[in-house]
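Visitor: just to be clear, the model below is a prediction. Sequence and coordinates:
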Amino acid sequence: MEIRTNRRRSEELRFQERKGDTYRDVTDLSTDLGPGLTSARDVGIVLSRENVELRGRPIRAVIQTPDYRLPRDLRTWSLDYLAHRAKTGRIYNDRVLCLGSDLLGDDVVKLKASYYFDFMCSNLLAPLDIWQAGRESPVLRGRDLILDTEGRLIPFRRSRLANLIGVSTLAFTKNGQLLLVAQTPDNIGSPGLLAPSGSGALEPKDVPRNMADWTIQRIVINGAERELREECHLEASEIVDSSVVGHGRWVSRGAMPEFCAATLLDLTSDQMRERSTRRVERSYVHDVIPISLAPVRLWHPSRPLEMLPPTHRDAVSWPLALALACLAECINDESWSLRKDLLARLEG
C-alpha cells in the first residue's frame, strides 16, 4: 500500500523549471555584495567585497558537527525529486562539504559535512516550483528557499539549504594556454558546457590532516587540484602552484557557494593534447581543450566572456565565467602571488 501511495503521489507531482527566471531583481538587490554575472544559461553574483578578504589573508576554517540534515519539509519531496533527477543524468551520493557561514562578519568559516543527495534535494530545488495535480498554486516555490521576505539572498549562516561548496581552477600550461573541459550531457553541474580545467565539489578528504593548515584557501586549493588531476589526467608532480582567486554565489543553482583558483602546470599544451581522458571520467569529460586567451590588456572583470575566443563564448558554464572574472581582478593586483609567473607565461 505504501509503494502504491508513493507511486500515485509521484504521478501527481510536477517539477516545473523556471527557465525564464533571469533573477534580475535578485542581482539588483545584491549590489552591496558584488556585481551580477551571467553565463550561457546561469546567473550568479561575484562576491567582490568578500574576495578582498579571501585574497588578502588566510581565513581559518572549522568543521562543525553534527552533519547537515535536510529540514523535514524538504524531506517530504526528496524521494520524488531524486527519482525525477535519476531520469535525466547520472547521480551519486558521496560525502561532501557544505558552507555554514559567510566570509565577512565571522571570525572563522564554518563547514559541515553532508551527502550529495541533501544538496540535490535542497539547493537544486530552488530553480524549480513543485506543482500538485488539481492545485492552483505550487506546493513549493523554489525562490522561497533562497530569498528572504524582502527578496534578498539569505546569508549562508541563516540558510536552511545544504550549500555544497563548489570548487574549480583555471590551469595554465607552460606556453600560456588555458585548459577548458568540455562536459558531457551526463554531467550534473553544467551539462554540455565548457567548464574550468577542473571543477566539482569539496569533499572531506580535501581537509588537511594538520589542523594548523585548516584555512578555507588551503581546503579550496586541495579540492580544486584534486578535480584538476582527475579531469585532466594529471599527476601531482605536474602542478607547480595554485592560488585562490575568488568566489561567488551561483544564484540560479540554489545560490550555492562557488570558489575558484588559478593553477600553473609544468606541461605544454602539446603534451596535454597527447593525454587521453581517464576511463572513469569519460561519463563527465568529453574533451580537454587548450586555448589562448585574449591579450591581458583587454581583460575586464565585468566582461569575462570576452577573454575567450568568440567561438567559445556561447557555451560557457557559470563557474568558468566566475573564475575568469575573478582572474581579471587578480591580474591587476601586484600583491597576488601568481601574477608575475602567469604574466610571463601569457606574454611569452
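Guide: Happy to help now that I have it.

Visitor: would you say Ile91 is within a strand?
Guide: No - read with DSSP: H, G, I helix; E, B strand; the rest coil, Ile91 is coil and lies in no strand.

Visitor: and it, what does it touch?
Guide: Contact analysis of Ile91 by Cβ atoms under 8 Å, 6 or more residues apart in numbering lists 82, 85, 116-117, 120, 188. All C-beta spots, glycine's among them, are computed from the backbone N, C-alpha and C.

Visitor: mind pulling up the pLDDT for it?
Guide: pLDDT, Ile91: 73.

Visitor: now it: how far from Arg85?
Guide: 6 Å (Cβ to Cβ, to the nearest Å).

Visitor: can you check Ser168 too?
Guide: 22 Å.

Visitor: before we move on, the earlier item: okay, and the common contacts of Ile91 and Arg85?
Guide: 120, 188.

Visitor: contacts only, for Glu231.
Guide: So Glu231 contacts 181, 197-200, 281, 284-285, 288 (Cβ under 8 Å, 6+ apart).

Visitor: that one: helix or strand, and which one exactly?
Guide: Using DSSP states H and E, Glu231 maps to helix 216-232.

Visitor: just want the angle from the helix or strand following that helix to helix 216-232.
Guide: Next along the chain after helix 216-232, taking DSSP H and E as the criterion, comes strand 239-250. Orientation check (axes from the mean of the first three to the mean of the last three Cα atoms, to 10 degrees): strand 239-250 against helix 216-232 gives 110 degrees.

Visitor: sheet partners, orientation included, of strand 239-250?
Guide: strand 43-46 (antiparallel), strand 256-265 (antiparallel) (DSSP bridges).

Visitor: what residues does the first one touch?
Guide: Going back to what we said before, that points to strand 43-46. 22-23, 26-27, 30, 33-37, 153, 246, 248-253, 258, 301, 318, 322, 325-326.

Visitor: I'd like the mean pLDDT over the helix or strand just after it, please.
Guide: Next helix or strand after strand 43-46 toward the C-terminus (DSSP H and E): helix 48-56. Averaged over helix 48-56, pLDDT sits at 91.

Visitor: next, the angle strand 239-250 makes with helix 48-56.
Guide: Using the same axes, to 10 degrees: helix 48-56 against strand 239-250 is 160 degrees.

Visitor: want to throw the strands paired with strand 239-250 into JSON lines with distance to Ser276?
Guide: Formatted as JSON lines, the strands paired with strand 239-250 follow (distance: least, Cβ to Cβ, whole Å):
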{"stretch": "strand 43-46", "distance to Ser276": "33"}
{"stretch": "strand 256-265", "distance to Ser276": "17"}
